[in-house]
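K.L.:
Provided below for reference: sequence and predicted model.
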Amino acid sequence: MDISGIMGFALMICMTLLVYKIKVSLGILFMTLPVIAGFLSGFSMAEMSLYILKGIENVIPVALMFATAILFFGILNETGTFTAIITKIAGRFHLTRKNIFLMTVFVSAIAHLSGSGAVSYLIVITTCKSIYNENKIPLTNLMCLSSLTFGVMNMLPWAGPCGRLAGVLNTDPVSIWRLCIPSQIFGILMVCVIACILSNYQKLSDIDSLSENNCKQCIARNKPTLIQQSRKKRCLSVGIMTIIIILLIITRISSWIVFMMGLSVISIINLKEVKKMELMKYIKSAGTMAGTVLASGVMVGVLTQSSMLTSMSEMISGLLPVSMREHIHILLGALANPISWIMSGEVEIFGFMPIAAKIASECQIAVEVTAAAFLIPYSAVIFVLPMTVSVHLGLSLCGVSLREHIRQTYLWTLFLSITMLGFAIIIGILPY
């Protein structure tokens, strides 16, 4: 039993306790705990410096992707691009009880292209809340459907977990996302099925007498004040966003380069509007996210470049039956949803994913496959967990308690996790 392996597991336990009990900044934890664990494992200063530099070097592309993506989608949000698309979609729905719920799914999927939970809740709830209120639909349904949709959409490389997985496993986030796309599409279809099921239990008063104009008026009353943009520029913005997403899917260009190009073009098109925008919040968010990712490079370096990860993997392998080792990615995926209630996503991603990927790689399973096997079921539960800060914004906007939200939504997240994971296995994306 290697001391570095013991210190590695001690590092995971300390991180879990500190995240839950003391609420210490993740960046601080990523920079301090691995260094302490490394020195206690007997690594020299020279070795630690080398590990840390290599780790930071590996996560720089992910940090750049987050920074450029946040600014890119921030400009799109400030110019009202998402709101314009959503308003157009919502206005085309004839108000029946099923259509209101399906509309919520569609507008939530569009809103979460930004990758930000807070922005998504603001857009969707301010757009749909009045429709729910005027038709006496409990806002728990709005919170439930939007959260489920955000979860499925959160597999996007720039949304958070995918980028963190890429950083810790030293791979491209888009390569992980490509494996998740079929399950993501299937997941949206399943949320539509959930919306239809929920609509059968929801009684609305005089809803069939409402017209499309009523829908547009409801949206207009809650539409946030944004930068005024010409129709031509808005169409160009939508076109550029579409091109950027297509480039990410079909090309092998580094994601941060794609977003850098998109950010440059969208800034030039909206040059006059950019001067009026309140971009400081996006710049701050981009800096915070990039800083956290770079700080995680310290942990990634100490874990993966030293003997620590190998020792931890050997200890876990010794406890697993030989027949189970080649299925460890599926096992981790199956546990991703329930285990997220007792362990933060960061600890799962930075602590256990490298171990699982190491064991799986010995069975000729690519790291991208292991990452996708975790991300697909894990994404479903993200926007129900109390640790997800943006959930509390959504609850505040809806006037719904966390307990009501969990009661209404959690079992559906389990359904999504199981069905999306099962779908990926059945179609052969995840070897079993």
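P.N.:
That came through fine. Numbering: from 1, shown residues only.
K.L.:
shaky segments in this protein?
P.N.:
The model of the chain has pLDDT under 70 over residues 1, 20-23, 90-91, 93-95, 202-230, 273-278.
K.L.:
determine the longest helix present in it.
P.N.:
Scanning the chain for the helix with the most residues, using DSSP state H, yields helix 45-78.
K.L.:
against which helices or strands is that one packed?
P.N.:
The contact analysis (3 or more Cβ pairs under 8 Å, 6 or more residues apart in numbering; DSSP states H and E) places helix 45-78 against helix 26-40, helix 117-134, helix 161-169, helix 231-250, helix 255-269, helix 280-305. The way it works is simple: take the backbone N, C-alpha and C, and place the C-beta from them, glycine included.
K.L.:
would CSV of these with distance to residue 52 and mean neighbour count be doable?
P.N.:
Shown next, in CSV, are the helices and strands packed on helix 45-78 (distance: least, Cβ to Cβ, whole Å; neighbours: other Cβ atoms under 10 Å):
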stretch, distance to residue 52, mean neighbour count
helix 26-40, 8, 19
helix 117-134, 30, 22
helix 161-169, 14, 26
helix 231-250, 30, 15
helix 255-269, 21, 19
helix 280-305, 5, 21
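K.L.:
tabulate these in TSV, adding columns for distance to residue 419.
P.N.:
Listed next are the helices and strands packed on helix 45-78 as TSV, based on distance: least, Cβ to Cβ, whole Å:
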stretch	distance to residue 419
helix 26-40	31
helix 117-134	22
helix 161-169	19
helix 231-250	23
helix 255-269	28
helix 280-305	30
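K.L.:
I'd like to know which of those helices lies nearest to residue 408.
P.N.:
When the helices and strands packed on helix 45-78 are compared by Cβ to Cβ, helix 117-134 sits nearest residue 408, at 13.6 Å.
K.L.:
next SSE downstream of the closest one?
P.N.:
Downstream of helix 117-134, the first helix or strand assigned by DSSP states H and E is helix 139-153.
K.L.:
kindly export stretch 419-432 (C-alpha atoms) in CSV.
P.N.:
This file holds the C-alpha atoms of stretch 419-432, laid out as CSV (Å, rounded to 0.1, in the frame of the first residue of the first chain):
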residue,chain,number,x,y,z
THR,A,419,-32.7,6.0,-20.0
MET,A,420,-30.0,8.2,-21.5
LEU,A,421,-27.2,5.9,-20.2
GLY,A,422,-29.2,2.9,-21.4
PHE,A,423,-29.7,4.5,-24.8
ALA,A,424,-25.9,5.2,-25.2
ILE,A,425,-25.2,1.5,-24.3
ILE,A,426,-27.8,0.1,-26.7
ILE,A,427,-26.6,2.1,-29.7
GLY,A,428,-23.0,1.2,-29.0
ILE,A,429,-21.5,4.5,-28.0
LEU,A,430,-20.6,3.1,-24.6
PRO,A,431,-19.1,-0.4,-24.9
TYR,A,432,-20.4,-2.7,-22.2
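K.L.:
separation between residue 293 and residue 303?
P.N.:
Distance of residue 293 to residue 303, computed by Cβ to Cβ, to the nearest Å: 15 Å.
K.L.:
give me the angle between the longest helix of the chain and helix 117-134.
P.N.:
For helix 45-78 against helix 117-134, the angle by axes from the mean of the first three to the mean of the last three Cα atoms, to 10 degrees is 40 degrees.
K.L.:
tilt between helix 45-78 and helix 161-169?
P.N.:
For helix 45-78 against helix 161-169, the angle by the same axes, to 10 degrees is 160 degrees.
K.L.:
just the CA atoms of stretch 332-343, as CSV, please.
P.N.:
In CSV, the C-alpha atoms belonging to stretch 332-343 read as follows (Å, rounded to 0.1, in the frame of the first residue of the first chain):
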residue,chain,number,x,y,z
LEU,A,332,-19.6,4.9,-12.3
GLY,A,333,-22.2,6.2,-14.7
ALA,A,334,-25.0,4.3,-13.0
LEU,A,335,-23.9,5.7,-9.6
ALA,A,336,-23.3,9.3,-10.9
ASN,A,337,-26.9,10.5,-10.1
PRO,A,338,-27.5,9.2,-6.6
ILE,A,339,-23.9,9.7,-5.4
SER,A,340,-24.0,13.4,-6.3
TRP,A,341,-26.2,13.9,-3.2
ILE,A,342,-23.4,13.0,-0.9
MET,A,343,-20.4,14.1,-2.9
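K.L.:
could you list the buried residues of that stretch?
P.N.:
By neighbour count on 16 or more other Cβ atoms under 10 Å, the buried set for stretch 332-343 is 332, 333, 334, 335, 336, 337, 339, 340, 343.
K.L.:
which residue, other than its chain neighbours, is closest to the residue nearest the centre of the chain?
P.N.:
Per Cα atoms, centre = their mean, the C-alpha nearest to the average position across the chain is that of residue 154, at 3.3 Å. Ranked by Cβ to Cβ, 6 or more residues apart in numbering and with sequence neighbours excluded, the top spatial neighbour of residue 154 is residue 379, at 4.7 Å.
K.L.:
show me what contacts the one you found?
P.N.:
Residue 379 makes contacts with 151, 152, 154, 155, 161, as judged by Cβ atoms under 8 Å, 6 or more residues apart in numbering.
K.L.:
any chance of those in TSV, plus distance to residue 323?
P.N.:
Formatted as TSV, the contacts of residue 379 follow (distance: Cβ to Cβ, whole Å):
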residue	distance to residue 323
151	32
152	32
154	33
155	30
161	29
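K.L.:
ok, back up a step: so which of the buried residues of stretch 332-343 are in helices?
P.N.:
Judged by DSSP H, the buried residues of stretch 332-343 include 332, 333, 334, 335, 336, 337, 339 as members of helices.
K.L.:
closest to residue 370 out of the residues you listed?
P.N.:
Among those, and counting by Cβ to Cβ, the member closest to residue 370 is residue 332, at 7.6 Å.
K.L.:
next one: the closest one relative to residue 265, how far apart?
P.N.:
For residue 332, the distance to residue 265 (Cβ to Cβ) stands at 39 Å.
K.L.:
how many neighbours does residue 143 have?
P.N.:
28 (other Cβ atoms under 10 Å).
K.L.:
I'd guessed it sits against residue 394; true?
P.N.:
Yes: between residue 143 and residue 394 a contact is recorded at 5.9 Å, counting by Cβ atoms under 8 Å.
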